[in-house]
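okay, predicted coordinates and the sequence, questions at the end:
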Amino acid sequence: MSVEIEQFMCRTDNFGVLVHDPKSGQTAIIDAPEEAPILAAIKRTGWTPTLILTTHHHADHVEANLALKERFKLRIVGPEAEKAKIPGIDETVGQGSSVRLGDETIEVIETPGHTAGHVSYHLPASKVAFTADTLFALGCGRLFECKPPVMYESLKKLAALPAETVIYCGHEYTLANARFAVTVDPTNPLLKQRLAKIEALRADNKPTLPTTIGEELSTNPFLRWHDPAIRKHLGMEKASDAEVFAEIRKRKDNF
């Protein structure tokens, strides 16, 4: 990995992230949930931010945009489809767009579902992706602005990333997600092992992130719509992949 990453907590359960390119000295903030923890991380690392990469418009991801922009004169990048809702936005991006951070190319993947314009940021050279509220560890975002087929297609894009891709998500929801996951995939030994690990981490107040695409493919039910055991458990052996995903999302909403 050529970039350095600092992950920290914001608000009650948001993750803040700084991404630093040591060669150029440039630093990106992935979303801006809360000013004080972000300033503390900047002071701790000594990294001066040059841009904010916004994933979507929800207040708990853009609250500190204007304060940070005023303080650091940085550039705010965000999805074209949500530009009217993102404070201080300077540059819009969409599927196929890219942003430079020093020598690092950051690829934009449109991942609507949680919101209609949500994007994720992929750093192929460093094998890292920031998926915010689309893909969580053992979960996916609630569908506030889109129907299940839209989120299904977004998750397919992320599932197709290389298995070793390291994933940083927007929230510390992993324990709740794991407890739900075992209700739809109860015979998965890897999931049971992961649940035990997550319970131990949270008991020590330690973060459960980052994760990897490979780990999610083996344990996250929202990426396992094709799995025969899950389909049998749900009584959906002949359903389409999208229908299985929709049923799992519906069950999570009511969990």
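Nice, thanks for sending it over. Since the model is a prediction, treat every value here as computed from it, not as a measurement. Numbers count the residues shown, from 1 in each chain.

now the element after the helix or strand where residue 181 lies, going C-ward?
Using DSSP states H and E, residue 181 maps to helix 174-184. Where DSSP H and E defines the elements, the next helix or strand beyond helix 174-184 is helix 189-203.

could I get the buried residue list for that following helix?
Using 16 or more other CB atoms under 10 Å as the test for burial, helix 189-203 gives 191, 192, 194, 195, 198, 201, 202. (Each C-beta comes from the backbone N, C-alpha and C, glycine too.)

okay, those in JSON lines with distance to residue 113 next?
Shown next, in JSON lines, are those (distance: CB to CB, whole Å):
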{"residue": "191", "distance to residue 113": "23"}
{"residue": "192", "distance to residue 113": "28"}
{"residue": "194", "distance to residue 113": "23"}
{"residue": "195", "distance to residue 113": "25"}
{"residue": "198", "distance to residue 113": "24"}
{"residue": "201", "distance to residue 113": "27"}
{"residue": "202", "distance to residue 113": "26"}
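
one step back: touching the helix holding residue 181 from outside, list them.
Helix 174-184 has contacts (CB atoms under 8 Å, 6 or more residues apart in numbering) with 136-139, 188, 191-192, 194-195, 198-199, 202, 208-209, 219-221, 230, 233-234, 248, 251-252, 255.

kindly recompute the last result at 7 Å.
Outside helix 174-184, the residues that touch it by CB atoms under 7 Å, 6 or more residues apart in numbering are 136-139, 191-192, 194-195, 198-199, 202, 208, 219-221, 230, 233-234, 248, 251-252, 255.

residue contacts, residue 199?
Shown in contact with residue 199 (CB under 7 Å, 6+ apart): residue 175.

closest to residue 9 out of the buried residues of helix 189-203?
The closest of those to residue 9 turns out to be residue 202 (CB to CB; 12.6 Å).

state the distance from that closest one to residue 136.
Computed as CB to CB, to the nearest Å, the residue 202 to residue 136 distance reads 14 Å.

now residue 31
In terms of CB to CB, residue 31 sits 14 Å off from residue 136.

next: residue 32.
To residue 136, residue 32 is 19 Å away according to CB to CB.

so residue 25 versus residue 19, what's the distance?
For residue 25, the distance to residue 19 (CB to CB) stands at 12 Å.

comparing those two, which residue is more hemmed in?
Neighbour count, other CB atoms under 10 Å: between residue 25 and residue 19, residue 19 has more, with 27 against 12.

pLDDT score for that one?
With respect to pLDDT, residue 19 has a value of 98.

where does it land in three-state SS?
strand (DSSP: H, G, I helix; E, B strand; the rest coil).

repeat for the one 10 residues further on
In three-state terms, and counting by three-state DSSP, residue 29 is strand.

bridged to it, which residues?
residue 18, residue 52 (DSSP bridges).

which parts of the stretch 1-150 of the chain are helices?
Assigned by DSSP state H, counting those that start in this stretch, the helices in the stretch 1-150 of the chain fall at 35-45, 59-62, 65-72, 148-159.

still on that earlier bit, tell me the one of the buried residues of helix 189-203 nearest residue 243?
residue 191 (21.7 Å).

the closest one contacts residue 219, correct?
Yes: Residue 191 lies in contact with residue 219 (CB atoms under 7 Å); the separation is 4.5 Å.

ok, what's across the strand from the closest residue to residue 93 other than its chain neighbours?
In space, and not counting its chain neighbours, residue 93 is closest to residue 108: 4.5 Å by CB to CB, 6 or more residues apart in numbering. Assessed by DSSP bridges, residue 108 has beta-bridge partners residue 121.
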